[in-house]
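J.: sequence first, predicted model second:
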Amino acid sequence: MTRLLQFAGALAIAVMALSPVARAADPSDVIDYRQHAMKSLAEQLASLNMTLQGKAPAENMVLHAQTLAVVASTALKAFEDKVPGGEAKPDVWAKWDDFSKKMNELAANTAELAKVAQSGGAAAVQEKLKAGAMTCKGCHDVYRDAAKK
């Protein structure tokens, strides 16, 4: 019986520790997180471009493409809390269906870019980028307030 109680206690602790905790996030933390996610995208794209231009180690190209894909796959989550501020325009939430569609397309495009980097090399990555794998401007024109940079 003691082992059963110990197991039940350990299980209860594990469930509590692993369960998401409902909390009201501080709005400034939400905005900071969102800005860090978007800056991470920009930094990884800049690093990837440096590898393609021969200004950074070419062997890091695949890693930067993969990191870009991971960050893009998580970026939408940073906008789910409706917290206006930072560079995000209120249209992000007013036009959520369009915004989330564009963010999901970005995630899919960067995942494909990472695959191309792995198998096709620098020339294939450059072609993919030219074809619009990173279509940031279309979203930024509508959903980002560049004046708040």
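T.: Yes, it's here. These figures come from a predicted structure and were not determined experimentally. Residues are numbered from 1 along each chain as shown.
J.: now the strands for the chain?
T.: In the chain, no segments count as strands under DSSP state E.
J.: tell me the buried residues in the top helix by length along it?
T.: Assignment by DSSP state H gives helix 96-130 as the longest helix of the chain. By neighbour count on 16 or more other C-beta atoms under 10 Å, the buried set for helix 96-130 is 99, 102-103, 106-107, 109-111, 113-114, 116-117, 122, 125, 128-129. From N, CA and C alone the C-beta is placed, and that goes for glycine too.
J.: just stretch 45-63 next, same as before
T.: Here stretch 45-63 shows 45, 47-52, 56, 61-63 as buried, counting by 16+ other C-beta under 10 Å.
J.: ok, back up a step: show me what the longest helix of the chain is packed up against.
T.: Using 3 or more C-beta pairs under 8 Å, 6 or more residues apart in numbering; DSSP states H and E, the elements in contact with helix 96-130 are helix 27-52, helix 61-75, helix 91-94, helix 136-143.
J.: okay, residue 65 and residue 48: tell me how far apart.
T.: Note on residue 65: its distance to residue 48, by C-beta to C-beta, to the nearest Å, is 6 Å.
J.: and for those two, which residues touch both?
T.: Counting by C-beta atoms under 8 Å, 6 or more residues apart in numbering, the contacts common to residue 65 and residue 48 are residue 125.
J.: which of the helices and strands packed on helix 96-130 comes out lowest on mean pLDDT?
T.: Ranked by mean pLDDT, the helices and strands packed on helix 96-130 bottom out at helix 136-143, with a mean of 91.
J.: buried residues in that helix?
T.: Across helix 136-143, burial judged by 16+ other C-beta under 10 Å covers 139, 143.
J.: give the other helices and strands that that helix contacts.
T.: Helices and strands touching helix 136-143, by 3+ C-beta pairs under 8 Å, 6+ apart, are helix 91-94, helix 96-130.
J.: right, and those helices - which one's nearest residue 143?
T.: helix 91-94 (5.0 Å; C-beta to C-beta).
J.: quick one on the thing from earlier: would you format the helices and strands packed on helix 136-143 as TSV with distance to residue 25 included?
T.: Converted to TSV, the helices and strands packed on helix 136-143 look like this (distance: least, C-beta to C-beta, whole Å):
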stretch	distance to residue 25
helix 91-94	15
helix 96-130	18
